[in-house]
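> Give the three-dimensional model of this entry:
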Amino acid sequence: MLDFIYYPVSFIMWCWHWVFGHVFGESSAIAWALSIVFLVFTLRAIMFKPTVKQVRSMRKMQEFAPEIKKLQKKYANDRQKQAQEMQKLQAEHGVSPLGGCLPMLLQIPVFIGLFHVLREFKPGKTENYFFSERGVASYIDADLFGARLSNWITQPATELAKFGVDRTTVVLVAIPLMLLASALTHLTARHSVSRQNPDAATTQTAMMNKLTLYVFPFGVLIGGFFFPIGLIMYWLSNNGWTLWQQRFVYKKIDAEEATKKAVAQEKRAAAAPKPGQKPTQPRKRPATPIAPVTPEDGATASAPEAKSDPAKPDAAKPTQAGADGDKGGTQIPGLISDRSRSKKSGRKNR
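Numbering: from 1, shown residues only. All right, here's what the predicted structure looks like:
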């Protein structure tokens, strides 16, 4: 039914065993152990970019965690409305919850496929998906400190007898691997929790942190009693890769954010005035020139205002009226009085 998973997993493992088999020997336990380890590394390398996107998505969600808390309080009694508003908020920030879960979901079929393939390495089998009868026999004969990679602690005694292995030997080999895999699971979870934003802490996140810190490592330890040694090596290498990947990705993202902050500070420093420098004042707009007044009824335009000369009489002082009887008139320089105009109407006398 799940051959579309079993065949790719067995093919990648077969390729790596072909490589290491030429170095350490076809039936060497080291060659088979490295083929399992590099099967994990190959699949995790394929999922590296989606994992980086997952980390960035989690960082973004932590940034707007206070807004999420406000929505949860506001729509505490309306779960449907709360979910809608959460989707809007995530869309505004460009965050996809499914993108954050994708790398983890992709590891599940790989685990199932490898578990099934390793369990099918049994005495008397003529083939195991991509492995021929010779490959099956080579895996069964691989000796890891007296145990076989297909053995597990709770395996029935009749099956252990077929491999020619006693349970004590399997326990002595499996227990250290189980403890190491469990410790790496705990360290990976601790590193992830330490990078969380305290403002994003909720009841759900606190519960999940406890699960990842203690329950999951304990599950790996208990599961080691029922899983083959080869699968425990899968856990060991997978958790080791995850711990290295987290440190590498977080360090890279921290460096990117530090560079962005430094560039922003440089721009602000360049725009700010230097110490002791007066702030630049805005330039004043030039005054709009006033259009000259056009004299009415043929009067001559006024000449430039003459400078005052103490030796000469002030031209602006009132002068005695002429023969026509005007009193107190003012003579404006540049204008010639037109006596032909009427005194009352201002029109010319004809």
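> residues contacting the residue at minimal distance from the centre of the chain?
Centre of the chain computed as the mean C-alpha position; nearest residue by C-alpha atoms, centre = their mean is Arg56, 3.1 Å away. Residues in contact with Arg56, defined by C-beta atoms under 8 Å, 6 or more residues apart in numbering, are Ile253. For glycine as for every other residue, the C-beta is placed from the backbone atoms N, C-alpha and C.
> now it: how far from Glu256?
If you measure Arg56 against Glu256 using C-beta to C-beta, to the nearest Å, the figure is 10 Å.
> Over to Glu85?
Counting by C-beta to C-beta, the gap from Glu85 to Glu256 is 30 Å.
> Between these two, which is the more surrounded one?
For Glu85 versus Glu256, the count of surrounding residues by other C-beta atoms under 10 Å is larger for Glu85: 18 against 11.
> Mind pulling up the pLDDT for the more buried one?
At Glu85, the pLDDT value in this model is 77.
> What is the host helix or strand of it packed up against?
Assignment of secondary structure by DSSP states H and E places Glu85 within helix 79-92. Counting contacts by 3 or more C-beta pairs under 8 Å, 6 or more residues apart in numbering; DSSP states H and E, helix 79-92 packs against helix 65-74.
> so how far is the helix or strand of the chain with the lowest mean pLDDT from its chain's centroid?
Least confident helix or strand, the chain: helix 65-74 with a mean of 73, by mean pLDDT, DSSP states H and E. Taking the mean C-alpha point of helix 65-74 and that of its whole chain, the gap between them comes to 21 Å (C-alpha atoms, centre = their mean, to the nearest Å).
> Kindly report the same for stretch 73-89.
Using C-alpha atoms, centre = their mean, we find the averaged C-alpha position of stretch 73-89 to lie 24 Å away from the chain's own average C-alpha position.
> hmm, who's touching that stretch?
Looking at stretch 73-89 with C-beta under 8 Å, 6+ apart, the contacting residues turn out to be 64, 67-68, 71-72.
> what does stretch 251-266 give?
Contacts made with stretch 251-266 from outside it, assessed by C-beta under 8 Å, 6+ apart, are listed as 55-56, 59.
> Looking at these, which is nearest Gly230?
Val55 (29.5 Å; C-beta to C-beta).
> how far away is the closest one from Val171?
Taken as C-beta to C-beta, the spacing of Val55 relative to Val171 amounts to 38 Å.
> again, but for Leu2
Using C-beta to C-beta, one gets 31 Å for the distance from Leu2 to Val171.
> Among the two, which residue is more densely surrounded?
When Leu2 is set against Val171 and neighbours are counted by other C-beta under 10 Å, the residue ahead is Val171, at 15 against 11.
> after the helix or strand containing the more buried one, next one along is what?
When elements are defined using DSSP H and E, Val171 is found to belong to helix 167-194. Sequence-wise, the next helix or strand beyond helix 167-194 is helix 203-210, with elements assigned using DSSP H and E.
> In the very next helix or strand once past that following helix, which of the residues would be classed as buried?
Following the chain from helix 203-210 toward its C-terminal end, the next helix or strand by DSSP H and E is helix 216-223. Of the residues in helix 216-223, those with enough neighbours to count as buried (16 or more other C-beta atoms under 10 Å) are 216-217, 220-221, 223.
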